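Student: Sequence first, then the predicted structure:
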Amino acid sequence: MSYRVRVVICWAWLIGFCFVGSNVYAAEVQFDVVLQNDTRSLSIGTSLEYFEDATGGYSLDDVREPGLSDRWLKSVKNVPNFGFSSSAYWFRFKLSNASNERFSGLLELGYPLLDFVDVYLLSAANEKKAMPDYLLGDSKTFDQRVIPHRNFLIPLMMPAHESSYVYIRVETGSATQLPIVIWEDQAFYQADADWLMLQGVFYGIMLIMALYNLFVFVAIRDVSYFYYVCYVVGFAGVMASIQGLGFQYVWADSLLLQDRAPVYSILFAVLAVVVFTDRFLSLEARSEGLHKTGTLIVMSIVAASFLAFLLPYSLSIRIAVMLVIAIALYCMTAGIIISSYGHKEAKYYTVAWSVLIASILVLALNKLGFLPRNIWTENMAQVGAAIEVTLLSLALADQINRERNEKLTAQDEAIHQEREARLAHQQSVEAHKKAEEQLTGRVKERTFELESALEDLSIANRKLKEISTIDGLTGVRNRRYFDLMILKEFQKCRESDRPMTLMMLDIDHFKNLNDQHGHLCGDECLRAIASVINDTVKWPADGVARYGGEEFVVVLPKTAMKGAELLAEKIRSQVESRVWDIGGEALSATVSIGIASLEKVSDNDTPEKLIAKADEALYRAKGSGRNQVCVA
């Protein structure tokens, strides 16, 4: 049997089970309700007669008119249920105490959402009574009830062998249902205590699941768990409002909340369901159509939330219930489709939500009047919710365990790879040591030789670094070093508010020297003049570099223009006075020097601007006859 067939069968069984035994049809409906000595509880739905008042204007005397007797119909349902109706309904029955003892008990109307409930207790069939004995309904604050209870309770005191006539008028914007039971006092409170205990179990499960998933959300920061917590809280709010527990314990003084709580708790719960479904099943990535449908449903829920402020409750609750049915079908469809793709979490989801959605559908159809009200239709949502949260918790736990196992597997793989790397490294080290032993033959000196090799390597690295910044021909720093040095010194001078000076030098008529004596002679001339410049610049912070071709630069940080001019003139005169024996020939040369200086380095100053100024001064020196110093 395929997975989809099993889901469909589960749905059919859950809904069909609620139909079986829902209605009790009797061959003859009893109008007289008789109390016996052993009566502890008595459901009297099939012992009622009801009268539909479409206008809502009939009084007690009106409905007892002989001419309207044919409009009184006998109830064939254990719990009369007329769905959402704008009519008022009258109910009546005769109550007789056939026992030899006085009966002390309660008449319970077990649907807390009825707006107006008027109860008349008559000692005789023709007794006149203008006002009801009890004015009940959730349109009145909770403290106005005769007995403070979630359901509507009317005390009954019946002497032995006495009879009474009971008339009940019900008018409500919610579903018109009248679960009516006569209880002996002790039996009622015992049954009520058992019911509250079961509700405590249900709400305890919901609280535990909400807290558990909230902790999961805090731990792993997956927002789908937060949406699930919202759903659990919203569903608990729906049940609390429908059962009257919210009105009794939370908002007893607020009629507005009592009127709107069922609608907004339903809308909040289904909104959380839709967004949870979208995130948990990753619909945006797996099914664009389902994702867009979910987005439209969310927009519909938001619109319904705004309309609930404006529309009457009777219409708002119908819209909410219809949304519940639509969303139930959407969620079920999404679960089946995604699970067909082979995703394990979707199968968990489908099974869990099959149970819950079926139970919610049963509750929704009950409120719309399509299903009768009985113990299964009233409590199926709670049973389904308890099963659903348990199944989804297993799904969440499975997801967490799967992610943890994947993480552990990845860690084991990383550890394994690390061990292999360490083993390979160890083998490499051992091989290296063995090679060293074979080459040197000095096992005892292996450590010393390794340290020596490391030291040599360090020295070689330093030399290599130094070579990378040295001009191979002249032995002074190269252009690359100059670019780095001037940036660094510029920043230092800017921070210390000190002057910055740059000197550019060019060998005069160097091209002619190359043409006449050859490039080898020219190279010797470059080396000789570079040596003169380097020997003349003594200050450690100053730097000499070959700028390119026959040009040199001298970086003079923290040096003013006056000091730079003196140094430049000294270099010029030293070069001019020298005669070099190059290739058996006595040669001499001169240099032209341009200087640019900044008294203070501002944020607007750049090395490029300073170089341009020095270059401009150099060209003026060359243009003015060469062998001289010019300043910018």
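Tutor: Ah, there it is.

Student: could you show me where the strands are in the stretch 51-200 of the chain, in order?
Tutor: 73-74, 81-84, 88-97, 103-109, 116-122, 134-136, 152-158, 163-171, 175-177, 180-184 (DSSP state E, counting those that start in this stretch).

Student: Out of those, the one nearest R572 is which?
Tutor: Comparing the strands of the stretch 51-200 of the chain against R572 with Cβ to Cβ, the closest turns out to be strand 81-84 (108.8 Å). For glycine as for every other residue, the C-beta is placed from the backbone atoms N, C-alpha and C.

Student: CA atoms of the closest one as CSV?
Tutor: Taking C-alpha atoms only, strand 81-84 is exported to CSV below (Å, rounded to 0.1, in the frame of the first residue of the first chain):
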residue,chain,number,x,y,z
ASN,A,81,-27.3,21.9,16.4
PHE,A,82,-28.5,24.5,13.9
GLY,A,83,-25.1,25.9,12.7
PHE,A,84,-24.7,29.6,12.2
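
Student: Of all the residues in that strand, which ones are buried?
Tutor: Neighbour-count burial for strand 81-84 flags N81, F82, G83, F84 (criterion: 16 or more other Cβ atoms under 10 Å).

Student: Using the three-state scheme, assign L556.
Tutor: strand (DSSP: H, G, I helix; E, B strand; the rest coil).

Student: Once you drop chain neighbours, what's closest to it?
Tutor: T501 (4.1 Å; Cβ to Cβ, 6 or more residues apart in numbering).

Student: related to what we said a few turns ago, which of the buried residues of strand 81-84 lies closest to L153?
Tutor: Using Cβ to Cβ, the buried residues of strand 81-84 come closest to L153 at N81, 20.6 Å.

Student: Confirm for me that the closest one is in contact with T176.
Tutor: Yes - N81 lies in contact with T176 (Cβ atoms under 8 Å); the separation is 7.3 Å.

Student: And I180, how close does it get to D253?
Tutor: Distance of I180 to D253, given as Cβ to Cβ, to the nearest Å: 28 Å.

Student: name the element T333 belongs to?
Tutor: helix 313-340 (DSSP states H and E).

Student: buried sites along that helix?
Tutor: Buried residues in helix 313-340 (16+ other Cβ under 10 Å): 313, 316-321, 323-324, 327-328, 330-332, 334-339.

Student: Then stretch 262-269?
Tutor: For stretch 262-269, using 16+ other Cβ under 10 Å, the buried residues are P262, V263, Y264, S265, I266, L267, F268, A269.

Student: Show the contacting residues for the third one.
Tutor: With contact taken as Cβ atoms under 8 Å, 6 or more residues apart in numbering, Y264 is in contact with S305, A308.

Student: So for the helix or strand it falls within, mean pLDDT?
Tutor: Assessed by DSSP H and E, Y264 sits inside helix 255-280. For helix 255-280, mean pLDDT rounds to 87.

Student: can you give me the angle that helix makes with helix 313-340?
Tutor: 10 degrees (axes from the mean of the first three to the mean of the last three Cα atoms, to 10 degrees).

Student: what's the next secondary structure element after helix 255-280?
Tutor: Taking DSSP H and E, what comes next after helix 255-280 is helix 283-286.

Student: So which other helices or strands are in contact with that following helix?
Tutor: helix 288-310, helix 313-340 (3 or more Cβ pairs under 8 Å, 6 or more residues apart in numbering; DSSP states H and E).

Student: Give me the mean pLDDT for the longest one.
Tutor: This means helix 313-340. Mean predicted confidence for helix 313-340 is 87.

Student: Skip ahead from that helix and say which helix or strand is next.
Tutor: helix 344-367.

Student: Tell me which other helices or strands the helix or strand that that following helix is followed by touches.
Tutor: Going down the chain from helix 344-367, the next helix or strand is helix 375-440, by DSSP H and E. Helices and strands touching helix 375-440, by 3+ Cβ pairs under 8 Å, 6+ apart, are helix 3-19, helix 185-220, helix 223-243, helix 344-367, helix 446-467.

Student: Turn those into JSON lines, columns for mean neighbour count and mean pLDDT.
Tutor: Formatted as JSON lines, the helices and strands packed on helix 375-440 follow (neighbours: other Cβ atoms under 10 Å; pLDDT from 0 to 100):
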{"stretch": "helix 3-19", "mean neighbour count": "14", "mean pLDDT": "42"}
{"stretch": "helix 185-220", "mean neighbour count": "15", "mean pLDDT": "86"}
{"stretch": "helix 223-243", "mean neighbour count": "22", "mean pLDDT": "86"}
{"stretch": "helix 344-367", "mean neighbour count": "23", "mean pLDDT": "75"}
{"stretch": "helix 446-467", "mean neighbour count": "11", "mean pLDDT": "69"}
